[in-house]
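Chemist: give the three-dimensional model of this entry:
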Amino acid sequence: MGNMVIKNIGTIFTGDIEKPIIEGPVTILIEEGKIKSIGSDILEHAERVIDAKGMTVCPGLIDSHTHPVLGDFTPRQNQIGFIDSSLHGGVTSMISAGEVHLPGRPLDPKGTKALALLAHKSFAKLRPSGVKVYGGALILEKGLTEEDFKELSEDGVWLVGEIGLGSVKSANDAKMMVEWAKKYGMKVLMHVGGTSVPGSSTVTCNDVLTARPTVACHLNGGPTSIPVNEAKRIIDETDCAIEIVHCGNPLSAFEIARYMKNNNILNRLIIGNDAPSGTGVVPLGIWRMVNFISSLCGISAELAVCCATGNTKKVFGLKHGMVKEGEEADIQIIDAPMGSEGKDAKAAIELGDIPGIAMVIIDGVIRTQVSRNTPPPVRKTS
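Modeler: Alright, predicted model coming up:
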């Protein structure tokens, strides 16, 4: 893996909510898959020089809520290549909320442990189209013991699939398991809202307050939302990360994002797709949610991007998600899409237009140039 320079960058959306934007012109040097330096006077020789021609650089999007199975296939929608399609939507990494759509999914403790371990190890070796898929989210079934959580943690499993998907449905049943999971360093997701698929359950505000997960998943519903006043209680009375998703209730998402903006707590807001789902596979779902909260809630484009990148990085302890020295070089080059009223990516996003993706880079490797899913960018790299 060699080095790369991206020059003539007009603006950087850093993904860091404390310093979300850097005005250009600026240059980025990437070495051995990581961002080595960001500045205006980088002169080092590079094997590949990319001229951004004034476009915007931002982190690759992190989809905080996916339901993969194995490989780049979803039995939920009988579709091959959904992860590759997400790459063309600017997504460079995905976090599993549980491999719940596996045909014949085992429902006993040994089986659910085996599935989590298999998915974790499989996606640790396989990166479909280069996308980093954090698979292997343990679905909670009755009969799991503390020793099971300890054993899985020692084997590298660090996610608990959203509570409510398995036979452990009540908050009281889940509470002890949440404590065990956290004891061994695992991140715990919890379904919030109405029943999503046959076999899952409705989860209320009080359930979340009892269980205390790491992430209150799709607080805007997956797809059916709890009342907005209850959603606000979860925001106010817990320190959970608050997730909104594309495959959820849009009015609830609007109220949640606006409430968090007005209370200056956007650092807790993260964005997921919750696909593949009954809503389908939505390759542009993360960008659509970024545009949604920016254009309708009056959140600047650079802050909205943080909710799909750096905020998620911090919640899950990832090594990427910001355009920052030392970070893994997961980067998009974006611009206003052709035909947009916006003069650049920032203006286009704030007007509600999905940016045109000119290039997606993962670990310093170009994975795609002009996206097949977004409108073409006004400018092109060279």
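
Chemist: check contacts around the most centrally placed residue in the chain.
Modeler: Ranked by distance to the mean C-alpha position of the chain (C-alpha atoms, centre = their mean), the top residue is residue 63 at 2.2 Å. Counting by C-beta atoms under 8 Å, 6 or more residues apart in numbering, residue 63 touches 86, 91, 93-95, 272-273, 285-286. For every residue, glycine as well, the C-beta is placed using N, CA and C.

Chemist: can I get these in TSV with neighbour count, secondary structure and pLDDT?
Modeler: Output for the contacts of residue 63, formatted as TSV (neighbours: other C-beta atoms under 10 Å; DSSP: H, G, I helix; E, B strand; the rest coil; pLDDT from 0 to 100):
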residue	neighbour count	secondary structure	pLDDT
86	30	helix	97
91	28	strand	98
93	28	strand	98
94	29	strand	98
95	25	strand	98
272	29	strand	98
273	30	coil	97
285	25	helix	97
286	28	helix	98
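
Chemist: now the residue nearest to the residue nearest to the centre of the chain when sequence neighbours are not counted, which residues is it bridged with?
Modeler: Leaving out its chain neighbours, the residue that sits closest to residue 63 by C-beta to C-beta, 6 or more residues apart in numbering is residue 94, at 4.5 Å. Residue 94 has these beta-bridge partners by DSSP bridges: residue 63, residue 133.

Chemist: my read: residue 94 touches residue 131, true?
Modeler: Yes: using C-beta atoms under 8 Å, residue 94 is in contact with residue 131, at 6.4 Å.

Chemist: overlap in contacts, the two.
Modeler: Shared contacts of residue 94 and residue 131 (C-beta under 8 Å, 6+ apart): 83, 86.

Chemist: please, which helix or strand holds residue 361?
Modeler: Under the criterion of DSSP states H and E, residue 361 resides in strand 356-362.

Chemist: list the strands paired with that strand, with their directions.
Modeler: Within its sheet, and counting by DSSP bridges, strand 356-362 is paired with strand 331-335 (antiparallel), strand 365-368 (antiparallel).

Chemist: now the first one, how far from the centre of its chain.
Modeler: Relative to the chain's own centre, strand 331-335 is displaced by 17 Å; criterion: C-alpha atoms, centre = their mean, to the nearest Å.

Chemist: what's the following helix or strand after that strand?
Modeler: Next helix or strand after strand 331-335 toward the C-terminus (DSSP H and E): helix 345-350.

Chemist: residue 31 contacts residue 45, correct?
Modeler: No: Residue 31 is beyond contact range of residue 45, at 11.2 Å (criterion: C-beta under 8 Å).

Chemist: can you say which of the strands paired with strand 356-362 is packed in most?
Modeler: Highest mean neighbour count of the strands paired with strand 356-362: strand 331-335, a mean of 29 (counted as mean count of other C-beta atoms under 10 Å).

Chemist: wait, doesn't residue 175 sit right on residue 211?
Modeler: Yes: applying C-beta under 8 Å, one finds residue 175 in contact with residue 211, separated by 5.3 Å.

Chemist: neighbour count for those two, which is higher?
Modeler: The neighbour comparison of residue 175 against residue 211 (other C-beta atoms under 10 Å) goes to residue 211, with 26 against 16.
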